[in-house]
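1. Can you look at this prediction? I've put the sequence above it.
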Amino acid sequence: MPALRKETSTGKYSKNLGHWGESVAAEYLLERGYLLLERNARTPYGELDLVMSKGEVFVFIEVKTRTSQRYGYPEESVTSAKKQHLLAAVQAYLLNHPEIVGDIRIDVIAIQRMKGDPTPKIVHYENAVIG
């Protein structure tokens, strides 16, 4: 499992936490038969954390990582506004990748890594965003 480095700056720590969570999510999905196509795919509407496929389905994954429940569960941060941004980002991505044909879905992976517990809790929500 990737190591999580703590930086002195909150912004850097948050960014490192996000990258760590994306690595954990990618590893989790690869172990379950997914194929990683792209990480941190940029679009005019935002970044897509992971672009993967499983069989004939292309899966866009939003990863949310938290180290406490102070602000709720990670998946609670996927608001309706965030869902709209994800839908727009996926549409933009698909316009730039005409080779992608077939079924697509948008999943959310919520990761919690609590202080004192080295094993992250991972919850995978399939079809979390429907457009």
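-> Right, received. Where do you want to start? Given the structure is predicted, the values throughout are model-derived calculations rather than measurements.
2. what about Leu87, is that helix, strand or coil?
-> With DSSP: H, G, I helix; E, B strand; the rest coil as the basis, Leu87 sits in helix.
3. What about the closest residue to it other than its chain neighbours, how many residues nearby?
-> Distances taken as CB to CB, 6 or more residues apart in numbering place Gly131 nearest to Leu87, at 4.2 Å, with adjacent residues excluded. Placement of C-beta: from N, CA and C, glycine included. For Gly131, the count of nearby residues is 11 (other CB atoms under 10 Å).
4. Verify the stated contact: Gly131 with Ala88.
-> No: assessed by CB atoms under 8 Å, Gly131 is found out of contact with Ala88, at 9.2 Å.
5. what touches both of the two?
-> With CB atoms under 8 Å, 6 or more residues apart in numbering applied, the contact sets of Gly131 and Ala88 do not overlap.
6. now the strands for the chain?
-> Using DSSP state E, the strands found in the chain span residues 35-43, 46-54, 57-66, 104-112, 121-129.
7. So which of those strands is nearest Leu17?
-> Comparison of the strands of the chain against Leu17 by CB to CB identifies strand 57-66 as nearest, at 5.4 Å.
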